[in-house]
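Enquirer: kindly return the folded structure for what I paste below:
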Amino acid sequence: MIETVGGLGEIQTFEETDLALVDALQTDPRAPWSRIGPAVGVDATTAARRWARLERAGLAWVTAYAGPATATVGYVEVTCRPRRLAELSERLTALPWVASVEHVVGDFDLFLTVVAPDLSALGRRIGTDLGPLPGVRATRTRLGVRIYQEGSGWKVRALEPAGRARLAAPRRARPAGPAVARSRTCHAETSTAASWRLSVPTAASAGPNSPRAPA
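Expert: Numbers count the residues shown, from 1 in each chain. As a prediction, this is how the structure comes out:
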């Protein structure tokens, strides 16, 4: 069991089954609950209900973001003006192209991960949009050249070998039907209140036999 502090200081917990559930969704995010449940050791309805509980409690959720293959990434060191740290942090976390905001100790105050579709857009976001914000005294940017591993590649690895084997087993072919247009899936991940970054492509939260996400 893993404990984490929730809202108002409340202690919330991940049970072993919850961790196995997240691991199963990482292993096969498109699997229906009828496959996820038995792999975890519960029935499909229980698996779906547990995931819904984790989402309601704010312990785990699904989010999508532009991955390294589709974005230019910059790491920005921000020096704040006196007594402007809290206000500036709130402004920065509201910007959709700022992937992370960290308060650090050292020669600067905030460390940002900024994403953009290309180098020119990255320069505009940092120089034109970020630099003039109230509370910013100075910035220093480092360009990400190559990312060897990032948060979505981290796995919980709480699933028992037998459960992992169940998910790895070939699926039965579906009967032929009319062609359906499918949208391209964004890079996505599941995050947890324990500050983990868990890779789970966008998942539907429907009934026991619904697929987790489009192909």
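
Enquirer: so where do the strands sit in the protein?
Expert: 2-5, 11-14, 60-64, 72-80, 98-103, 110-116, 136-143, 188-192, 197-198 (DSSP state E).

Enquirer: grab the nearest non-local neighbour of residue 140.
Expert: Closest residue to residue 140 apart from its sequence neighbours, by Cβ to Cβ, 6 or more residues apart in numbering: residue 77 at 4.4 Å. Glycine gets a C-beta too; all of them are placed from N, C-alpha and C.

Enquirer: pLDDT wise, what is that neighbour at?
Expert: Residue 77 is assigned 97 on the pLDDT scale.

Enquirer: between the strands of the chain, which one is nearest to residue 168?
Expert: strand 197-198 (18.7 Å; Cβ to Cβ).

Enquirer: for the residue nearest to residue 140, give me its contacts.
Expert: If you count contacts by Cβ atoms under 8 Å, 6 or more residues apart in numbering, residue 77 has them with 107, 108, 110, 111, 112, 139, 140, 141, 142.

Enquirer: so it bridges to which residues?
Expert: residue 111, residue 140 (DSSP bridges).

Enquirer: where are the low-confidence patches of this structure?
Expert: The model of the chain has pLDDT under 70 over residues 1-12, 65-69, 171-215.

Enquirer: cutoff 50 now
Expert: 1-9, 11, 178-215 (pLDDT under 50).
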